[in-house]
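>>> Let's see this in three dimensions:
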Amino acid sequence: MGLRLQVGRPGARGPVAQLWRTDRVGPAAEVRTGPAEQLVHRLSLGLGWSGVGLTLFALLPAVVAARGPEQWEPEIQAFEVADRTNPPPRGAILFIGSSSIRLWKTLARDFPEHTVINRGFGGSQIADSVHFAARIVIPYAPRLIVMYAGGNDIHAGKSPERVCADFWAFVQTVWRQLPETRIAYISIAPNPARWAEVQQVRAANACIQALCRTNAHLAFIDVFSHMLGPDGQPRPELFGPDRLHLNAQGYALWVQLVRPFLGPPDRPVVPTKDPSGWKPKPATNSNASNRSGLGP
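Model (predicted):
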């Protein structure tokens, strides 16, 4: 007998996956799964999927540059040293992912009403966060995880389907130990320096957005559409000189877009009003944020 996973089974406690049995195994097996598992299963078989006006097909294996999570070991060890000196509180909001999280130096100041932990490292990929979850995710028992990663994955040659599957692997890794933790994914941004990869970015975002819609404990935060101008091109005023990472105005936009997904305040701090009165521009395409679970 084979084993298959179902997520969000009615009556189950929290989002933790439930095991179901089938009489057959392999691609021909008639498996009983939830929508998230069905989506990832189809991607793994190269069958493709249809959603948000896109049809994706895993026609070729991803050509991925040789690299491994061990390159980030010094940064992870530095986190562990800091944790021993000043242990982060349990039940906080954990921001994790690549350099756009690592460089978010104003994170705590931007969300004074929330207890936040920043564990962005290097130019990491989603699989790196999976690898190090036991060391920089699980010990904190966060009530919410906000992830930004995936752009480096695409740049390294991974397919959108692989990026989507890696995100689901991260979700499963977290939920095995922390079944009540919610996870919000910030969409891959339309970086001008990597605009040639925009179609793969759109496809990866659409796949992860579809995945997030399958479970109330997942949310998709659309920053992509808000970072485009009326001409459909990236807004240059949001990026630094390298045209890859955000500048202060770019992070200010993210603050406005991320805050509604963080839930009620957990700190007795009254947020100060932005004296400039700045507000994010409306989206320029139809990719709307996922409103199930964490969203407004």
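>>> which one's the longest helix in the chain?
If each helix of the chain is counted by residues according to DSSP state H, the longest one is helix 160-177.
>>> and that one, what other elements does it pack with?
Under the contact definition 3 or more C-beta pairs under 8 Å, 6 or more residues apart in numbering; DSSP states H and E, helix 160-177 sits against helix 35-44, helix 126-131, helix 133-136, strand 144-148, helix 151-155, strand 182-186, helix 198-212. Backbone N, C-alpha and C define where each C-beta goes, glycine included.
>>> Report the separation between Arg143 and Gln125.
Relative to Gln125, Arg143 is positioned 25 Å away (C-beta to C-beta, to the nearest Å).
>>> go on, Asp153?
Counting by C-beta to C-beta, the gap between Asp153 and Gln125 amounts to 4 Å.
>>> what's the overlap in contacts for those two?
Common neighbours of Asp153 and Gln125, counting by C-beta atoms under 8 Å, 6 or more residues apart in numbering, are Asp166.
>>> re the thing from before, comparing Arg143 and Gln125, which shows the higher neighbour count?
Taking neighbours as other C-beta atoms under 10 Å, Arg143 and Gln125 compare with Gln125 leading, 27 against 19.
>>> Isn't the more buried one up against Ala149?
Yes - under the criterion of C-beta atoms under 8 Å, Gln125 is in contact with Ala149, at a separation of 6.2 Å.
>>> Now do the shared contacts for these two.
With contacts taken as C-beta under 8 Å, 6+ apart, the residues that reach both Gln125 and Ala149 are Ser98.
>>> about what we covered before: Serialize the helices and strands packed on helix 160-177 to CSV and add fields for distance to Pro241 and mean neighbour count.
Conversion of these to CSV gives the following (distance: least, C-beta to C-beta, whole Å; neighbours: other C-beta atoms under 10 Å):
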stretch, distance to Pro241, mean neighbour count
helix 35-44, 37, 19
helix 126-131, 26, 24
helix 133-136, 30, 16
strand 144-148, 20, 24
helix 151-155, 18, 23
strand 182-186, 22, 25
helix 198-212, 21, 23
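>>> for stretch 229-249, which positions count as buried?
Within stretch 229-249, the residues that count as buried by 16 or more other C-beta atoms under 10 Å are 234-235, 238-239, 244-246.
>>> low pLDDT regions in the stretch 51-200 of the chain?
51-67 (pLDDT under 70).
>>> cutoff 90 now
Scanning the stretch 51-200 of the chain for pLDDT under 90 picks out the ranges 51-70, 122.
>>> quick one: which helix or strand includes Arg119?
According to DSSP states H and E, Arg119 maps onto strand 116-120.
>>> Just the CA trace of that strand, in CSV.
Presented in CSV, the C-alpha positions along strand 116-120 are these (Å, rounded to 0.1, in the frame of the first residue of the first chain):
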residue,chain,number,x,y,z
VAL,A,116,10.1,40.4,14.5
ILE,A,117,13.2,38.2,13.8
ASN,A,118,15.4,38.7,10.7
ARG,A,119,17.1,35.6,9.4
GLY,A,120,17.9,36.6,5.8
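>>> so what does it touch, helix or strand wise?
With 3+ C-beta pairs under 8 Å, 6+ apart as the test, strand 116-120 has strand 93-97, helix 99-102, helix 107-110 packed against it.
>>> returning to what we had before: quick one: work out the angle between the longest helix of the chain and strand 182-186.
Taking axes from the mean of the first three to the mean of the last three C-alpha atoms, to 10 degrees, helix 160-177 and strand 182-186 form an angle of 160 degrees between their directions.
>>> which SS class is the closest residue in space to Asn191 that isn't next to it in sequence?
Leaving out its chain neighbours, the residue that sits closest to Asn191 by C-beta to C-beta, 6 or more residues apart in numbering is Leu244, at 5.0 Å. Taken by DSSP: H, G, I helix; E, B strand; the rest coil, the conformation at Leu244 corresponds to coil.
>>> Relative to Ser100, how far out is Leu244?
Counting by C-beta to C-beta - Leu244 and Ser100 are separated by 9 Å.
>>> before we move on, what about Met227?
Between Met227 and Ser100 the distance, using C-beta to C-beta, works out to 12 Å.
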